[in-house]
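Asks: Just a sequence and a predicted model for now, questions to come.
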Number of protein chains: 2
Amino acid sequence: MGKNLKLKAARAALDMSQQKLAEAVSVSRQTINAIENGDYNPTVNLCIAICKALGKTLDELFWEDETM
Amino acid sequence: MGKNLKLKAARAALDMSQQKLAEAVSVSRQTINAIENGDYNPTVNLCIAICKALGKTLDELFWEDETM
DNA sequence: TCAATATGTAAAATATACTTGACAAAATGT
DNA sequence: ACATTTTGTCAAGTATATTTTACATATTGA
């Protein structure tokens, strides 16, 4: 699985740390880190929460990133 | 969690059974059924596979359906 | 240079996505 | 009316998403 650079970029654009994003969507920092580094495959509800926290949509952050 | 009627509709539009869709994305029929009925929260990779099988995008099938 | 913050990663535990097998009810076709 | 397919659902098991704790390195600011 490749890294999710779109997510990393969207977070950086808001000057938000992994920690802050994790708090915003109520998961651990390690979960955000693992998603950005492609270490696993999050649930769609978590993806939606992340999108809303960053002002993006699913297609913008999660479409065509993930290698299946 | 509410039902995912967009998914149900997209599948119906292709005259595809839950069984056939399940085979197309390599999961069990019960998994497709549970997703359509909102019984749980699939992983994003499965959502992407479903979207590709149905010719839709994540935003079209999974955005704003799921109650968080 | 030092302290604080941000990131990468790992191991063990817990929650939950997903499977398999099975049965009943509803829908569809003939 | 009957047979077939489709859908809903349940229970027990397996795989994996996510947590907690912890430590090391990198980065940033005073």
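Replies: Now that the structure is in, tell me what you want to look at.
Asks: Under the pLDDT cut-off, which ranges of chain A? List them.
Replies: Scanning chain A for pLDDT under 70 picks out the ranges A:65-68.
Asks: tell me the contacts of the residue in it that chain B sits nearest to?
Replies: For chain A and chain B, the shortest gap (CB to the nearest CB) falls at A:Leu58, measuring 3.8 Å. (Glycine included, C-beta is placed from N, CA and C.) For A:Leu58, the contacting residues are A:Val44, A:Cys47, A:Ile48, A:Cys51, B:Thr57, B:Leu58, B:Asp59, B:Phe62, B:Trp63, by CB atoms under 8 Å, 6 or more residues apart in numbering or on different chains.
Asks: helix, strand or coil for A:Gly38?
Replies: For A:Gly38, the assignment made with DSSP: H, G, I helix; E, B strand; the rest coil gives coil.
Asks: out of the contacts of A:Leu58, which one sits closest to DNA strand C?
Replies: Proximity of these to DNA strand C was ranked by CB to the nearest atom of the strand; the top entry is A:Val44 with 8.4 Å.
Asks: what residues are up against the closest one?
Replies: Counting by CB under 8 Å, 6+ apart, A:Val44 makes contact with A:Leu58, B:Asn41, B:Pro42, B:Thr43, B:Val44, B:Cys47, B:Leu58, B:Phe62, B:Glu66.
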